[in-house]
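Chemist: After the sequence you'll find the predicted model.
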Amino acid sequence: MNSSDEEPIRVAIHENSGTTDRKYLIAALKAIESFTKRKIIINAAAGKSIHWFLVIG
């Protein structure tokens, strides 16, 4: 099985207002996608595989 045969990884990013880290997470996910040649769909409408919650702490 190669990466084109695999289901894409679906990611949802949930962010509080005032948090601006979303762009860094998206850049990291795009780097992973490029390196692994595996499709990553960010904030797809349904069927998320991974959820990220960015909060001010």
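Modeler: Yep, that arrived.
Chemist: Give the bridge partners for the spatially most central residue of the chain, please.
Modeler: Residue closest to the average C-alpha location in the chain (C-alpha atoms, centre = their mean): V11, at 3.9 Å. Beta-bridge partners recorded for V11 (DSSP bridges): I42, I50.
Chemist: Walking through the chain, point out its strands one by one.
Modeler: Using DSSP state E, the strands of the chain run over 9-15, 40-42, 50-54.
Chemist: Dump those strands to CSV, plus distance to E33 and mean pLDDT.
Modeler: C-beta here means a position set from N, CA and C on the backbone, and glycine is covered the same way. Below are these laid out as CSV (distance: least, C-beta to C-beta, whole Å; pLDDT from 0 to 100):
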stretch, distance to E33, mean pLDDT
strand 9-15, 8, 84
strand 40-42, 4, 88
strand 50-54, 13, 72
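Chemist: Make a markdown table out of those strands and add distance to I32.
Modeler: Below are the strands of the chain laid out as a markdown table (distance: least, C-beta to C-beta, whole Å):
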| stretch | distance to I32 |
| --- | --- |
| strand 9-15 | 9 |
| strand 40-42 | 7 |
| strand 50-54 | 11 |
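Chemist: Can you tell me which of those is nearest to Y24?
Modeler: strand 50-54 (9.3 Å; C-beta to C-beta).
Chemist: Thanks a lot, catch you later.
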